[in-house]
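Student: Could you look at this predicted model? Sequence included:
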Amino acid sequence: MKISILVNEGPYTHQASDSAYQFAKAALEKGHEVFRVFFYNDGVNNGTRLTVPPQDDRNIQKNWSELAEKHKLDLVVCIAAAQRRGILDEGEAKRHGKGEGSANIAPGFRISGLGQLIEMGIESDRLVVFGD
Amino acid sequence: MKISILVNEGPYTHQASDSAYQFAKAALEKGHEVFRVFFYNDGVNNGTRLTVPPQDDRNIQKNWSELAEKHKLDLVVCIAAAQRRGILDEGEAKRHGKGEGSANIAPGFRISGLGQLIEMGIESDRLVVFGD
Amino acid sequence: MAEPAKSPPAPPAKSTPKKFLYVNRRAPYGTIYALESLEVVLIGAAFDQHVALAFIDDGVFQLTKGQDTKSLGVKNFSPTFRALGDYGVTKFYVEKESMQERGLTLDDLQAVTYEDENDGFKEKPSIQVVSRSEMGAIMQQQDVLLNF
Amino acid sequence: MAEPAKSPPAPPAKSTPKKFLYVNRRAPYGTIYALESLEVVLIGAAFDQHVALAFIDDGVFQLTKGQDTKSLGVKNFSPTFRALGDYGVTKFYVEKESMQERGLTLDDLQAVTYEDENDGFKEKPSIQVVSRSEMGAIMQQQDVLLNF
Amino acid sequence: MLHTVNKSPFQTNSLASCLKHAQKGDAILLLEDGVYGALKGTIASGDIWSKRVELRFYVMSADVAARGLQKSQLIEGLNMIDAGGFVDLVVAHKTSQAWL
Amino acid sequence: MLHTVNKSPFQTNSLASCLKHAQKGDAILLLEDGVYGALKGTIASGDIWSKRVELRFYVMSADVAARGLQKSQLIEGLNMIDAGGFVDLVVAHKTSQAWL
């Protein structure tokens, strides 16, 4: 079955991203297709490559990036929400004059518009929401 | 009177940072000393220079940075909370191999330890907490 | 009303529009969820799906009239609700019990209307006050529920 | 018990330790607040102030015994509470009514103890169950209240 | 229809509101801090107890374990599931709704 | 002592818990979504009404205006203040506590 996931909260502060990750992993293990994971609201903060969690803690961003690589997952960060919260890819960083090297989007994530959220609602058999 | 402020939430998602800013500004206008503003939990996200809020919205990070410059405010971002959430200064970015130019701490903010929070509790006449 | 536990229906073909319900349970301004939900509604209106908004619990506060955010220094987004009719978003289900619990009547909410193109562009109210049990039934009829 | 409305007392001299109360009102793991509050307590213990912890509302869940976070993949920080005695943090005020409302008894909480250096290093319980009105009074006696 | 509740019933109105809107035969999944709703003998447990026949209740076992809740403390007859069980629930219901 | 409440009493237990712990003569400031606690004729307004003599209540006027609440909808006798008034309240009380 084609399943999509919406994540509304950032890493560590709320359990939402952990729950979404465990759910996505289990869905893939059961042979379902994860059509897309959309990160909205503070959820965009999952997509920063700059996190350095304590050594004895899980690395939530890395978990997502690795899952994306392994299963060709589509991890989409909402552009409007990302701009408000300071998550930029190279194009965005340049466009807003933030300086060389300041793009902070993590591997496996891409920035796109809210239309991607609507589209995944249309295209997927199931949509599951995780938030605060 | 010597007043300190603790901000526990990031910009835009919760009103906490707006409330704290309005409070700090009013305290300064009344002639009080704002000894320190400490950003903890998701509050560290107030200190990213990469935000690009919509043109018709307030720029929360810039508000803080400008208030800090005007009044020589001490804006401290907790290092442990900042590492979890991907807010780094140049030293931190280098230490963790994040690449040239990737430091994203905003002007007027500095990264330091939790001891600064305890110290401001000891040194200040009043401590006011803003959060979710 | 209940879904069968083990036999999900086949997904609709791509060309069949789906029923989207945006469920608003939070007050405006204290958090950004109401505003960012509205941004999704605006984008979603371009997609030719069936769209409705539900306002329950503190979500009913999003529709109060006379919102004035000047002193707060944040954007007043309540007028945007009134513009939704032009985008074909004309179903605002507002829960009666949620209003009553909060001391609100329909008079405390702003008027939201649309022009019905199937009825000589007559101006009609978008807000429909429904009971809690009607709201529960409405939720069951959707294809996609969006919660923020 | 009430503070005078207009005549605040002078702040204590720098050398006088202040009374810090960490007020825990949230459950562990669903949000990070409990963990990050504990991190402040650990750092604060080095500062030679009077420190106490209050557990009210869902905060009482932070002290349940038998927490096992393996399947969740997050760090179990509940053993840290047991280490606080070694840092001189020996006052855990737990609210009786909050426990009762949640179906908890003292038996459901882990034992937290400290060695009393003023009493031959005898092992004593750190947890003190107090009534809600006692908790209200304890809050009034503080110099700094920290809420996360 | 599947409802997910991730909040403590002692802190927010999410579970209460969910139970008022759920329809006969719906499934309710308690996860994250929502698992505190599964405790028996609390000021909130009456709500679930009175709906336990009309609705089907599921509880995320990893969240129960993390919070140190013992089986003997929980309302009888709730279904303990893991992330795979969560996926099965989603698949088995046309729609799901998160009571955030 | 000053208590600040920034949550809607319909969504969380913050105001209820605050009022159970506040002591005679304490000041309570409702701000952000906490101002909904100032509405009269609601399922939550009895709590404040019954404590209005024992405690002093303040409401952030900018938050009331933003939410479109009219004076006629609010419990009588609460003190409307601005950010400067908030500062004065903090100065006038040795400690403050945020019921987040």
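Tutor: Ah, there it is. The shown structure was predicted, so the numbers you read here are calculated from the model rather than taken from an experiment. Residues are numbered from 1 along each chain as shown, chains lettered A, B, ... in the order given.
Student: Quick one: the strands in chain E, in order.
Tutor: E:2-5, E:27-30, E:56-60, E:79-81, E:96-99 (DSSP state E).
Student: Out of those, which is the most enclosed?
Tutor: strand E:2-5 (a mean of 26; mean count of other Cβ atoms under 10 Å in any protein chain shown). To be clear about C-beta, it is placed using only N, CA and C from the backbone, and glycine gets the same treatment.
Student: Closest approach to chain C from chain E, which residue is it?
Tutor: residue E:25 (2.3 Å; Cβ to the nearest Cβ).
Student: ok, that residue touching residue E:55?
Tutor: Yes. With contacts counted by Cβ atoms under 8 Å, residue E:25 reaches residue E:55, the gap being 7.5 Å.
Student: Which one's more surrounded, these two?
Tutor: A direct count of neighbours by other Cβ atoms under 10 Å in any protein chain shown for residue E:25 and residue E:55 places residue E:55 higher, at 18 against 15.
Student: Need the per-residue pLDDT for the residue of chain E closest to chain C.
Tutor: Note on residue E:25: pLDDT of 97.
Student: Do a quick rundown of the helices in chain C.
Tutor: With DSSP state H, the ranges of helices along chain C come out as C:33-44, C:78-83, C:96-101, C:132-140.
Student: Now render those as a markdown table, adding distance to chain E.
Tutor: Shown next, in a markdown table, are the helices of chain C (distance: least, Cβ to the nearest Cβ, whole Å):
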| stretch | distance to chain E |
| --- | --- |
| helix C:33-44 | 8 |
| helix C:78-83 | 21 |
| helix C:96-101 | 8 |
| helix C:132-140 | 4 |
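Student: Could you export these as a markdown table, including mean neighbour count and mean pLDDT?
Tutor: As requested, the helices of chain C are arranged in a markdown table below (neighbours: other Cβ atoms under 10 Å in any protein chain shown; pLDDT from 0 to 100):
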| stretch | mean neighbour count | mean pLDDT |
| --- | --- | --- |
| helix C:33-44 | 21 | 97 |
| helix C:78-83 | 16 | 98 |
| helix C:96-101 | 18 | 98 |
| helix C:132-140 | 17 | 98 |
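Student: nearest to chain A, of those?
Tutor: Among these, the nearest to chain A by Cβ to the nearest Cβ is helix C:33-44 (4.1 Å).
Student: ok, and does the closest one reach over to chain F?
Tutor: No. Helix C:33-44 does not reach chain F (Cβ under 8 Å from any Cβ of the partner chain); its nearest approach is 10.7 Å.
Student: before we move on, back to that, tell me which of the strands of chain E sits nearest to residue B:109.
Tutor: Relative to residue B:109, the nearest member of those by Cβ to Cβ is strand E:96-99, separated by 34.2 Å.
Student: List the neighbouring strands of the closest one plus their orientation.
Tutor: Paired strands of strand E:96-99, with direction, are strand E:2-5 (parallel) (DSSP bridges).
Student: middle-most residue in chain E, spatially?
Tutor: In chain E, the C-alpha nearest the mean C-alpha coordinate belongs to residue E:30, at 2.9 Å (Cα atoms, centre = their mean).
Student: if I read this right, that residue contacts residue E:37, doesn't it?
Tutor: Yes. With contact defined as Cβ under 8 Å, residue E:30 reaches residue E:37; the gap is 5.2 Å.
Student: Show me what residue of chain C gets nearest to chain F.
Tutor: Closest approach between chain C and chain F, counting by Cβ to the nearest Cβ: residue C:30, at 3.2 Å.
Student: pLDDT value on residue A:121, please?
Tutor: Residue A:121 is given a pLDDT of 98.
Student: Now do it: how many residues are near it, please.
Tutor: With other Cβ under 10 Å as criterion, residue A:121 counts 23.
Student: my guess is it contacts residue A:115, does it?
Tutor: No. The pair residue A:121 / residue A:115 is not scored as a contact, 10.6 Å apart, by Cβ under 8 Å.
Student: residues in contact with the residue nearest to the centre of chain E?
Tutor: Applying Cβ atoms under 8 Å, 6 or more residues apart in numbering or on different chains to residue E:30 gives the contacts E:5, E:6, E:15, E:37, E:38, E:57, E:58, E:59, E:60, E:63, E:78.
Student: Not counting its neighbours along the chain, what's nearest residue A:60?
Tutor: The shortest distance from residue A:60 to any non-neighbouring residue, by Cβ to Cβ, 6 or more residues apart in numbering or on different chains, is to residue A:11 (3.8 Å).
Student: Could I get the buried residue list for the lowest-mean-pLDDT helix or strand in chain E?
Tutor: Every helix and strand of chain E was ranked by mean pLDDT, DSSP states H and E. The lowest is helix E:45-51, at a mean of 94. By 16 or more other Cβ atoms under 10 Å in any protein chain shown, the buried positions in helix E:45-51 come out as E:45, E:47, E:48, E:51.
Student: Save these as CSV, and put in distance to chain F too.
Tutor: CSV is the format used below for these (distance: Cβ to the nearest Cβ, whole Å):
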residue, distance to chain F
E:45, 16
E:47, 15
E:48, 18
E:51, 21
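Student: just curious, which of these is nearest to residue C:25?
Tutor: For the buried residues of helix E:45-51, the nearest to residue C:25 is residue E:47 (17.4 Å; Cβ to Cβ).
Student: Might you report the residue contacts of the residue nearest to the closest one when sequence neighbours are not counted?
Tutor: Counting by Cβ to Cβ, 6+ apart, residue E:19 is the residue found nearest to residue E:47 once chain neighbours are left out, at 5.4 Å. Contact analysis of residue E:19 by Cβ under 8 Å, 6+ apart lists E:28, E:47, E:48, E:51, E:55.
Student: Identify the residues contacting the third one.
Tutor: It refers to residue E:48. Counted by Cβ under 8 Å, 6+ apart, residue E:48 has contacts E:15, E:19, E:37, E:38, E:57, E:75, E:78.
Student: Quick one, grab the pLDDT at the fifth one.
Tutor: Model confidence at residue E:57, expressed as pLDDT, equals 98.
Student: and if you look at the fourth one?
Tutor: The predicted local confidence for residue E:38 comes out at a pLDDT of 98.
Student: give the contact list for the residue most central in space within chain C.
Tutor: Centre of chain C computed as the mean C-alpha position; nearest residue by Cα atoms, centre = their mean is residue C:53, 1.7 Å away. By Cβ under 8 Å, 6+ apart, the contact list for residue C:53 reads C:21, C:22, C:24, C:41, C:84, C:89, C:91, C:92, C:93.
Student: you'd agree residue A:67 is up against residue A:24?
Tutor: Yes. Assessed by Cβ under 8 Å, residue A:67 is found in contact with residue A:24 at 6.5 Å.
Student: Put the alpha carbons of the least confident helix or strand of chain E into CSV.
Tutor: What follows is helix E:45-51, C-alpha atoms only, in CSV (Å, rounded to 0.1, in the frame of the first residue of the first chain):
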residue,chain,number,x,y,z
SER,E,45,-9.7,6.3,33.1
GLY,E,46,-13.5,6.3,33.3
ASP,E,47,-13.7,7.7,29.8
ILE,E,48,-11.9,4.8,28.2
TRP,E,49,-13.6,2.3,30.5
SER,E,50,-17.0,3.4,29.4
LYS,E,51,-16.1,3.2,25.7
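Student: Thanks a lot, see you next time.
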